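Trainee: Give the three-dimensional model of this entry:
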Amino acid sequence: MRFEALHREGDVMPTHKHPNKKRTRQWVRNVKTTAIDVPEQTMTKSAEEVADILLQHNRKSEPGSINRYIQFYINRAGRGLSGERRKTLRKAMEIIRTQHA
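Mentor: Numbers count the residues shown, from 1 in each chain. Sure thing, here's the model as predicted:
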């Protein structure tokens, strides 16, 4: 009976649990990480410099951890990160991956 009541002509089931609630996509701003040591202005340098600095400052960390941090940085920057900068950081991830393969 309940199923039939929901599917009467003209009735539409909501697609979200709270359809009128405004969603905020800024949860990542509140996330802090101390797993990786990153000096100021590191992420503004070239891919080779980013990879070298992160590897030197985090010798005890796995390369996967460093790459996860870079990916976290990219995600956190969101649309504010230019395509060129995103490409540079992805290249730094690739350099780290190939150096420790």
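Trainee: tell me the contacts of the nearest residue to residue 90 once chain neighbours are set aside?
Mentor: Leaving aside its chain neighbours, residue 90 sits nearest to residue 74 (7.6 Å; criterion: CB to CB, 6 or more residues apart in numbering). To be clear about C-beta, it is placed using only N, CA and C from the backbone, and glycine gets the same treatment. Shown in contact with residue 74 (CB atoms under 8 Å, 6 or more residues apart in numbering): 81, 86, 89-90.
Trainee: distance of the residue most central in space within the chain from residue 90?
Mentor: Against the mean C-alpha coordinate of the chain, by CA atoms, centre = their mean, the closest residue is residue 75 at 2.4 Å. Distance, residue 75 to residue 90, by CB to CB, to the nearest Å: 12 Å.
Trainee: Run a quick neighbour tally on residue 57.
Mentor: By other CB atoms under 10 Å, 14 other residues sit near residue 57.
Trainee: where does the protein dip in pLDDT?
Mentor: Residues of the chain that meet the criterion pLDDT under 70 lie in 1-16, 19, 23-29, 101.
Trainee: In contact with residue 45, which residues are there?
Mentor: By CB under 8 Å, 6+ apart, residue 45 lies in contact with residue 53.
Trainee: go on, residue 51?
Mentor: So residue 51 contacts 92, 95-96, 99 (CB under 8 Å, 6+ apart).
Trainee: any chance you could map the helices in the chain?
Mentor: Listed in chain order, the helices of the chain (DSSP state H) span residues 2-6, 47-57, 63-77, 83-99.
Trainee: out of those helices, nearest to residue 37?
Mentor: Nearest of those to residue 37, taken as CB to CB: helix 47-57 at 4.5 Å.
Trainee: Going by neighbour count, list what's buried in that closest one.
Mentor: 47, 50-55 (16 or more other CB atoms under 10 Å).
Trainee: wait, what's in contact with residue 66?
Mentor: When contacts are counted by CB under 8 Å, 6+ apart, residue 66 touches 36, 54-55, 58, 96.
Trainee: List the residues that contact the residue lying closest to it once chain neighbours are set aside.
Mentor: Of all residues not flanking residue 66 in the chain, residue 54 sits nearest, at 5.0 Å (CB to CB, 6+ apart). Listed by CB under 8 Å, 6+ apart, the contact partners of residue 54 are 36, 38, 42, 66, 69-70, 92, 96.
Trainee: Right, I'll leave it there.
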